[in-house]
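A.B. asks: I'd like to go over a predicted model; first the sequence, then the structure.
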Amino acid sequence: MGRMNISVVSIPVSDQQRAKAYYVDVLGFTVVEEAPFGGGMSWIQLAPPGSSGATVTLVTWFDAMPAGGLRGLVIDTDDIDAAYEDLLARGADLGGPPSRMAGGIFVMVTDPDGNQFALHQEGSR
């Protein structure tokens with residue numbers, strides 16, 4: 001079997017444009033692609049700041065993925081303290097300051113639909 005990479009993770013949202021505004025304006029993601037997807041929906045693909053790998057797409061079309069149902073996504077950062085301060089200043093919904101846990105330092109982030117993911121930095125501060 002050849003090499004495999006995760007390229008897109010679907011994030012279930014209730015309103016794609018509202019979610020896009022939050023991910024871009026508050027979380028600092030960039031729009032990779034936005035195009036009509038049929039049925040009044042759009043393909044909205046975003047990348048975290050500085051990312052050269054996996055992206056996310058904001059979806060409304062999976063019945064088995066209700067808005068707000070995402071858990072367990074981890075996004076690495078090389079400076080969690082700076083990311084925390086920047087996101088806090090932008091009004092992001094954070095679960096508290098960076099905290100050390102097994103596997104590194106984490107900050108929980110929640111979007112307007114209730115999707116939750118963790119920012120992660122390896123090592124210690």
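C.D. replies: Structure received.

A.B. asks: for the rest of this, base every contact and every neighbour count on C-alpha atoms.
C.D. replies: OK.

A.B. asks: low-confidence ranges in the protein?
C.D. replies: Applying pLDDT under 70 to the chain flags the ranges 124-125.

A.B. asks: at 90 what do you get?
C.D. replies: Applying pLDDT under 90 to the chain flags residues 1-6, 37-41, 50-53, 102, 123-125.

A.B. asks: quick check: longest strand of it.
C.D. replies: strand 30-38 (DSSP state E).

A.B. asks: which other residues reach that strand?
C.D. replies: When contacts are defined by Cα atoms under 8 Å, 6 or more residues apart in numbering, strand 30-38 is touched by residues Val24, Ser42, Trp43, Ile44, Gln45, Leu46, Ala47, Pro48, Pro49.

A.B. asks: what pairs with that strand, and is each one parallel or antiparallel?
C.D. replies: Here strand 30-38 is paired, per DSSP bridges, with strand 41-47 (antiparallel).

A.B. asks: who touches the partner strand?
C.D. replies: With Cα under 8 Å, 6+ apart as the test, strand 41-47 has contacts from 16, 20, 29-37, 54-60.

A.B. asks: that older thread, please pick the buried ones from the contacts of strand 30-38.
C.D. replies: Taking 16 or more other Cα atoms under 10 Å as the criterion, what is buried in the contacts of strand 30-38 is Val24, Ser42, Trp43, Ile44, Gln45, Leu46, Ala47, Pro48.

A.B. asks: return the closest of those residues with respect to Ile105.
C.D. replies: Pro48 (18.2 Å; Cα to Cα).
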